[in-house]
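*Asks:* Quick one: sequence and predicted model below, then my questions.
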Amino acid sequence: MESIFTLIHEDSRSKARTGTVKLPHGNVRTPVFMPVGTNGTVKAVTREDLKEIGFEIILSNTYHLYLRPGEEVISLSGGLHSFMGWDGNILTDSGGFQVFSLAPFRKITEEGVKFRSHIDGSYHLLTPEYISRFQALLGSDIQMQLDVCTSWGASRKEAVNALETTSRWMERGKQAWEDLRSQSGYKGLFFPIVQGNFFKDLREESACRAIAADCPGIAIGGLSVGESEDVFLEYLAFTAALLPREKPRYVMGIGTPEYILGAIEQGIDMFDCVFPTRNGRNGQVFTRKGSFALKKAENARDFSPIDEECRCKVCRGYSRSYLRHLFRNREILCSILASYHNLYFLNDLVVEARRAIEEDRFLEFKTEFLRRYSY
């Protein structure tokens, strides 16, 4: 298979890099932050707004879409792109993390994951093969393997078992994906996931197996699961250094400026998180001087924008005072505006990081941004 990643420029004093990932619905410029549209929608944000901000790829979740609306509706609609009216790229998570978070309601076997639906309590079995087929039905531009994620503090025995299961499921999922491509003309790509918890030798073993599978890209999983920022950055750097230079690298589940810039410094190309929209719905917004809560009394008579330096339409048209008023009255418009602003802010951060990389000044950019952001 031809390479999907084109390296454009590497920063001269860090591992940060820019490039493009060639996908069925168009090229994606990297580094890239992907908004999370768990149920086929990025909460409180329209597809037109996503395009306006500049997103070329979003993420949806296989577990949730499998449960609702389900296979039949997705099939009749012609796939997820058609169903939601999105003509950009879609990466779909396999649902492994969601199953991980539903520990009391699931059982992991060699065959797959048996679980009870969080919606109606019904029982289901997800296998690596079915997950691959369902993601192909969705029309995913990038589909993720079914994996087993472990939490911070897990025992070595638990981490070994999760690694071994993830590796076997990777091979089964990859075979199902290859069969789909040859038999149905499905164009989407398959990414394996590196696990290993917080044991470096297990991370190295998992990375070696993912590399040997020779898939179009590789994801780093099992981070940002309760560990401190220092530990996260240490294991991110260690794992990223194991991965091939010629393939896109994706770190799952990070969405704060500190973590994003830390990942970019280590040569990570792709990342996603619900953080910006979830926090927006809860009245927490990003600014160049850090995040703050709209509900604070100090905003009651503050008629300045969220961020004086932000060029988004929210900052050009709405004051902190008005947004606080909306939040305190539980008006839906607050969720819409705050979510839009937070996504714009993160996308703008990544675009600026790309520019800094191509001008060989990424470390200065990162240092200055975080100095102000932590003020």
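*Replies:* Nice, I can see it.

*Asks:* On the three-state scheme, G19 is what?
*Replies:* strand (DSSP: H, G, I helix; E, B strand; the rest coil).

*Asks:* Report the contact partners of it.
*Replies:* By CB atoms under 8 Å, 6 or more residues apart in numbering, the contact list for G19 reads F5, T6, L7, I8, R29, T30, P248, D269. Yep, even glycine has a C-beta here, placed from its N, CA and C like the rest.

*Asks:* Make CSV out of the residues you listed and add pLDDT, neighbour count and distance to H118.
*Replies:* As requested, the contacts of G19 are exported to CSV (pLDDT from 0 to 100; neighbours: other CB atoms under 10 Å; distance: CB to CB, whole Å):
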residue, pLDDT, neighbour count, distance to H118
F5, 98, 19, 36
T6, 98, 14, 40
L7, 98, 15, 41
I8, 98, 13, 42
R29, 98, 17, 36
T30, 98, 25, 33
P248, 98, 30, 32
D269, 98, 24, 32
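
*Asks:* List just the nearest of these to C312.
*Replies:* Nearest to C312 among the contacts of G19, counting by CB to CB, is R29 at 19.2 Å.

*Asks:* Shouldn't the closest one be within a strand?
*Replies:* Yes: membership of R29 in a strand is supported by three-state DSSP.

*Asks:* quick revisit: sort out for me which of the contacts of G19 are in strands.
*Replies:* F5, T6, L7, I8, R29, T30 (DSSP state E).

*Asks:* Point out where the stretch 51-200 of the chain drops to low pLDDT.
*Replies:* For the stretch 51-200 of the chain, residues meeting the criterion pLDDT under 70 lie at 99-104.

*Asks:* And the strands in it?
*Replies:* For the stretch 51-200 of the chain, applying DSSP state E, counting those that start in this stretch gives strands covering 57-61, 89-93, 106-108, 113-116, 123-126, 142-144, 189-191, 193-194.

*Asks:* Nearest to V314, out of those strands?
*Replies:* Going by CB to CB, the one of the strands of the stretch 51-200 of the chain nearest V314 is strand 57-61, 19.5 Å.

*Asks:* Check which helices and strands that closest one sits against.
*Replies:* Other elements packing on strand 57-61 under the criterion 3 or more CB pairs under 8 Å, 6 or more residues apart in numbering; DSSP states H and E are strand 32-35, strand 89-93.

*Asks:* cutoff 10 Å now
*Replies:* Secondary-structure packing of strand 57-61 (3 or more CB pairs under 10 Å, 6 or more residues apart in numbering; DSSP states H and E): strand 26-30, strand 32-35, helix 47-53, helix 80-84, strand 89-93, strand 142-144, strand 270-273.

*Asks:* I336 is nearest to which of the ones you listed?
*Replies:* helix 47-53 (8.6 Å).

*Asks:* what helices or strands is the closest one leaning on?
*Replies:* Going by 3+ CB pairs under 10 Å, 6+ apart, helix 47-53 lies up against strand 57-61, helix 313-317, helix 332-358.

*Asks:* swap the cut-off to 7 Å and go again
*Replies:* With contacts taken as 3 or more CB pairs under 7 Å, 6 or more residues apart in numbering; DSSP states H and E, helix 47-53 sits against helix 332-358.

*Asks:* Just give me the neighbour total for Q143.
*Replies:* 28 (other CB atoms under 10 Å).

*Asks:* And this structure, what are its domain boundaries?
*Replies:* Following automatic domain parsing, one finds the domains of the chain at 5-273, 285-375.

*Asks:* could you dump the ones you listed to JSON lines with distance to N279?
*Replies:* Compiled in JSON lines, the domains of the chain are given as follows (distance: least, CB to CB, whole Å):
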{"stretch": "domain 5-273", "distance to N279": "9"}
{"stretch": "domain 285-375", "distance to N279": "6"}
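
*Asks:* Can you tell me which of these is packed in deepest?
*Replies:* With neighbours defined as mean count of other CB atoms under 10 Å, those peak in mean count at domain 5-273, which reaches a mean of 19.

*Asks:* and that domain, how far apart are its ends?
*Replies:* End-to-end span of domain 5-273 (CA to CA, to the nearest Å): 22 Å.

*Asks:* Do a quick rundown of the helices in the stretch 201-350 of the chain.
*Replies:* With helices called from DSSP state H, counting those that start in this stretch, the stretch 201-350 of the chain shows them at 229-240, 257-265, 275-281, 313-317, 320-328, 332-358.

*Asks:* packing partners for the second one?
*Replies:* Same thing as helix 257-265. The contact analysis (3+ CB pairs under 7 Å, 6+ apart) places helix 257-265 against helix 229-240, helix 332-358, helix 362-373.

*Asks:* chain center to that helix, what's the gap?
*Replies:* 13 Å (CA atoms, centre = their mean, to the nearest Å).
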